[in-house]
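# I would like to see how this sequence folds:
(2 chains)
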Amino acid sequence: MTTNTEPYVLNIGPQHPSTHGVFRLRVVMDGEVIRDLDMIVGYLHRSMEKLAEERTYTQNIPFTDRADYLAAMSSNLGVCLAAERLSGVEVPERASYLRVIFAELQRMASHAMANGTLVSDAGAWQTPLLYMFREREKILDLFEMTCGARLTTNYMRIGGVAFEPPPEFWPALRDLIDEMPTRIDEYATLVEHNEIFLGRTRGVGVISAADAINGSLVGPALRGSGVPWDLRKAEPYCVYDRMDFEVPVGRNGDVYDRFMVRMEETRQSVRIIRQAMEQIPQGPHKTDIPLALRPEPGEVYGRVEGPRGEIGFYLVSDGTPAPYRFHIRAPSLINLSLLREMAIGASLPDAVVSLGSIDIVVGEIDR
Amino acid sequence: MPLGPTQLDGHRVGARLGAALPGVVTVSTDEWVEVAADRIEDALRWLHDSEEFDAAQLSNLTAVDRHTHFEVVYHLQSLDLNHLIAVKALVRNHEDPLLPSVYPVYKGALLQEREVYDLFGIRFSGHPDLRRLFLWEGYPGHPLRKDFLGLGALTPGLGHFPNEDRANPSRQLNRDNLVSQEMPHEAAGGAMAGSGH
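Next up is the predicted model:
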């Protein structure tokens, strides 16, 4: 027997746990199947790019904290590298190592959040999330003891980093790095072979490698589809060319592969931090730059590999202390280019898991 | 301006693109290649399909308001050959800017073109779903235009910065404003000297 059903519109969000922020979906459902999907964003739009045109380059660094608030260090680093290339500022070696350490700590914290909430979306309500938050808390403690803030760090500066970490930072970092591998194994045993998790994520939200590239996907969303593209290898910045690490990729491009790529990247981050701690030289942690930096007229497109992929900064200078144009290439937004195609024909619970596996931060989508 | 580590010389890209599609390239510089706005889709399709450039991914799409015209900037990258290409299209009509969408070549342009439409008011013909992205339909104006609400004439509150080298030329815009905004403690021996009184 067949049942005739009529399509209806279902509104999800803007306040809903599955949307990971102030993000709204309008879904046209035919029974259990999604026929169309429209995303409505802009609830967090603060017009950073316009505000930035009235502020100096250094004054613009805190905006990048508030764009991707789960990866403030990575965005800080991106804008500083771009502004340094624009103005020809050299960075001391110790500062480059500190930047790598903090960027990788940030990646671990962000991936813990991404994977934790993804497991929550898949039905394992809160328990794995809180396991992963345990280590995230320790990372945020390290941020707090260094720069006083846990999320909006504002730690990087043009020419280096703002502060030398305090003496108690290094033993705490050593402890964290030593215990991290066993903690990651713990999450793995908790989740990776869980029948329900596999059922909810395997073969769900599949993106082919060709689609991922054409749809401008970056980061774990691209690597989950088997494309080994990582700016830390492709265009090494700071001291990543001295680090020995691997770029994990998925095989099927489904939700499970994106989850596993993040899990493996956390292990690689531990490796990178361990090497950086061994190699870090003594010396100054920043170079002094003029308070009102006036880069020569010109433009630059600088980018870093953040936890969600390529964070790009397109800066145009007209020779004044404030940028003429300040554009943030937001991976969270651009990774959603294929969301509609992924969702059409899927069931609603699968679409929720697919959205979770893309790992969005709404502050960065809206900017 | 130093190029990014993997960015290609615009002259090289421009020479090859101009030879393949006559009349498309208008200007080539060290950093970017500038193409005729109405041929942007052809140019990007050629770069996408070309074996030499293999521009498989649209990394970044944005625009810059130059007061008299708009620059739409495309950063393309090849993941196999590991290089970045900057392409610009100049839209001369500042009142009603229009150029072809590159969505048929790059699906990644879907949301980026909507963002540029929302914030600059540049329309992309052939885009399947050209609506505002962050702001709502009916919002007055496009905020990233330099003439939006007359904000283009504003300057930062401080005319100069404490301890700044005053021998350098100051901000070019609204120099007259800056003179009237001299810091009050300037005369008393240094910028921050009076702050403790």
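# When you work out contacts or count neighbours from here on, use the C-alpha atoms and nothing else.
OK.
# hey, what's the residue positioned nearest the centre of chain B bridged with?
The structure's chain B has its C-alpha centroid closest to residue B:64; by C-alpha atoms, centre = their mean the separation is 3.3 Å. Beta-bridge partners for residue B:64, by DSSP bridges, are residue B:71.
# now the strands: where do they sit in the stretch 51-200 of chain A?
Taking DSSP state E, counting those that start in this stretch as the criterion, the stretch 51-200 of chain A carries its strands at A:156-157, A:160-161.
# do the same with chain B
B:25-28, B:33-35, B:57-65, B:70-78, B:83-91, B:98-100, B:123-125 (DSSP state E).
# Serialize those strands to a markdown table and add fields for distance to residue B:18.
Shown next, in a markdown table, are those (distance: least, C-alpha to C-alpha, whole Å):
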| stretch | distance to residue B:18 |
| --- | --- |
| strand B:25-28 | 5 |
| strand B:33-35 | 9 |
| strand B:57-65 | 20 |
| strand B:70-78 | 17 |
| strand B:83-91 | 13 |
| strand B:98-100 | 19 |
| strand B:123-125 | 23 |
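# Give me the number of neighbouring residues for the closest residue to chain B within the stretch 51-200 of chain A.
In the stretch 51-200 of chain A, the residue that lies nearest chain B is residue A:54 (5.6 Å; C-alpha to the nearest C-alpha). Using other C-alpha atoms under 10 Å in any protein chain shown, residue A:54 has 21 neighbouring residues.
# Of all the strands of the stretch 51-200 of chain A, which one is nearest residue B:35?
Closest to residue B:35 of the strands of the stretch 51-200 of chain A, according to C-alpha to C-alpha: strand A:156-157, at 36.2 Å.
# What is the longest helix of chain A by residue count?
helix A:93-121 (DSSP state H).
# who does it touch, helix- and strand-wise?
Here helix A:93-121 touches helix A:72-87, helix A:127-147, strand A:160-161, helix A:255-279, helix A:348-358, going by 3 or more C-alpha pairs under 8 Å, 6 or more residues apart in numbering or on different chains; DSSP states H and E.
# relative to helix A:72-87, how tilted is that helix?
140 degrees (axes from the mean of the first three to the mean of the last three C-alpha atoms, to 10 degrees).
# pLDDT weak spots in the stretch 51-200 of chain A?
Counting by pLDDT under 70, the stretch 51-200 of chain A shows no low-confidence range.
# at 80 instead, please
For the stretch 51-200 of chain A, residues meeting the criterion pLDDT under 80 lie at A:123-128, A:192.
# Give me every residue in it lying close to chain B.
A:54-55, A:85-86 (C-alpha under 8 Å from any C-alpha of the partner chain).
# one step back: export the strands of chain B to CSV and tack on mean pLDDT?
Output for these, formatted as CSV (pLDDT from 0 to 100):
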stretch, mean pLDDT
strand B:25-28, 83
strand B:33-35, 91
strand B:57-65, 92
strand B:70-78, 92
strand B:83-91, 91
strand B:98-100, 91
strand B:123-125, 91
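# mind checking which of those is nearest residue A:133?
That would be strand B:57-65 among these, by C-alpha to C-alpha, at 32.1 Å.
# State the distance from the closest residue to residue A:31 other than its chain neighbours to residue A:29.
Excluding the flanking residues, the one nearest residue A:31 by C-alpha to C-alpha, 6 or more residues apart in numbering or on different chains is residue A:5, at 6.4 Å. Distance, residue A:5 to residue A:29, using C-alpha to C-alpha, to the nearest Å: 10 Å.
# who has more neighbours, those two?
residue A:29 (22 against 9).
# Any idea what the more buried one is bridged to?
residue A:8, residue A:34.
# Got the confidence number for residue A:250?
Note on residue A:250: pLDDT of 90.
# Tell me the spacing between the residue lying closest to it once chain neighbours are set aside and residue A:247.
Excluding the flanking residues, the one nearest residue A:250 by C-alpha to C-alpha, 6+ apart is residue A:224, at 4.2 Å. Counting by C-alpha to C-alpha, the gap from residue A:224 to residue A:247 is 11 Å.
# who's in contact with the residue of the stretch 151-300 of chain A found nearest chain B?
Nearest residue of the stretch 151-300 of chain A to chain B (C-alpha to the nearest C-alpha) works out as residue A:215 at 3.9 Å. Residues near residue A:215 by C-alpha atoms under 8 Å, 6 or more residues apart in numbering or on different chains: A:335, A:337-338, B:57-58, B:106-109.
# related to what we said a few turns ago, neighbour count for residue A:224 and residue A:247, which is higher?
residue A:224 (31 against 15).
# Now do the residue nearest to the centre of chain B against residue A:86, distance only.
From residue B:64 over to residue A:86 (counting by C-alpha to C-alpha), the distance is 17 Å.
# do residue A:366 as well
26 Å.
# go on, residue A:343?
41 Å.
# Equivalent analysis for residue A:65, please.
On the measure of C-alpha to C-alpha, residue A:65 and residue A:86 end up 21 Å apart.
# same deal with residue B:40?
27 Å.
# Return the residues in contact with residue A:219.
Here residue A:219 is in contact with A:229-230, A:305-310 (C-alpha under 8 Å, 6+ apart).
# whoops, I mixed them up, residue B:43
Residue B:43 is in contact with B:17, B:21, B:24, B:35, counting by C-alpha under 8 Å, 6+ apart.
# Could you do residue A:187 as well?
By C-alpha under 8 Å, 6+ apart, residue A:187 lies in contact with A:128, A:131-132.
# Just put these in TSV and tack on neighbour count.
Output for these, formatted as TSV (neighbours: other C-alpha atoms under 10 Å in any protein chain shown):
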residue	neighbour count
A:128	21
A:131	17
A:132	24
